[in-house]
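A.B. asks: coordinates only, sequence not included:
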């Protein structure tokens with residue numbers, strides 16, 4: 001069992017979280033959130049990986065073969081679709097904020113609180 005996917009996932013999570021906290025631009029904040037989300041792909045693939053296993057296409061291989069867990073692969077595909085949807089929604093909100101306030105700097109959007 002290798003801990004490398006988990007270490008890389010933790011590193012991606014920390015880098016993305018640092019980008020969210022330190023960003024002065026809403027587009028960079030959204031992109032940093034996608035980096036955080038991509039760390040979940042590595043965690044899921046690390047959980048589902050089996051050494052020496054084959055792809056879960058059972059048409060041409062014997063029934064006694066070791067297979068990679070197909071549920072984890074489906075979860076990763078679902079995660080990709082959800083990330084694309086959330087990113088598109090957040091970028092649409094950034095575009096609307098730019099149209100309304102003329103800036104994508106979060107400090108310029110403070111008037112929303114008043």
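C.D. replies: The structure has been received and is ready for your questions. Treat the numbers as computed from the prediction; the structure is a model and nothing was measured.

A.B. asks: measure residue 107 to residue 23 for me?
C.D. replies: Distance, residue 107 to residue 23, by Cβ to Cβ, to the nearest Å: 11 Å. C-beta: built from backbone N, CA, C; applies to glycine.

A.B. asks: what about those two, which has more around it?
C.D. replies: Between residue 107 and residue 23, counted using other Cβ atoms under 10 Å, residue 23 has the larger neighbour count: 17 against 7.

A.B. asks: Ignoring the adjacent residues along the chain, who's closest to the residue nearest the centre of the chain?
C.D. replies: Geometric centre of the chain, nearest residue: residue 37, 2.2 Å, by Cα atoms, centre = their mean. Nearest-residue entry for residue 37: residue 83, 4.6 Å, with adjacent residues in sequence omitted and distances by Cβ to Cβ, 6 or more residues apart in numbering.

A.B. asks: again with residue 40
C.D. replies: In space, and not counting its chain neighbours, residue 40 is closest to residue 79: 5.8 Å by Cβ to Cβ, 6+ apart.

A.B. asks: Thought residue 39 was touching that neighbour, still the case?
C.D. replies: No: contact between residue 79 and residue 39 fails when scored by Cβ atoms under 8 Å: they sit 10.6 Å apart.

A.B. asks: The two: which has the busier surroundings?
C.D. replies: Per other Cβ under 10 Å, whichever of residue 79 and residue 39 has more neighbours is residue 39, with 21 against 16.

A.B. asks: for the helix or strand where the more buried one lies, what is the average pLDDT?
C.D. replies: Assigned by DSSP states H and E, residue 39 belongs to helix 26-48. Regarding helix 26-48, the rounded mean pLDDT is 91.

A.B. asks: got the buried residues for the next helix-or-strand element following it?
C.D. replies: Remark: after helix 26-48, the chain's next helix or strand is helix 70-101, criterion DSSP H and E. The neighbour-count check on helix 70-101 (16 or more other Cβ atoms under 10 Å) flags 72, 75, 76, 79, 83, 90, 94, 97 as buried.
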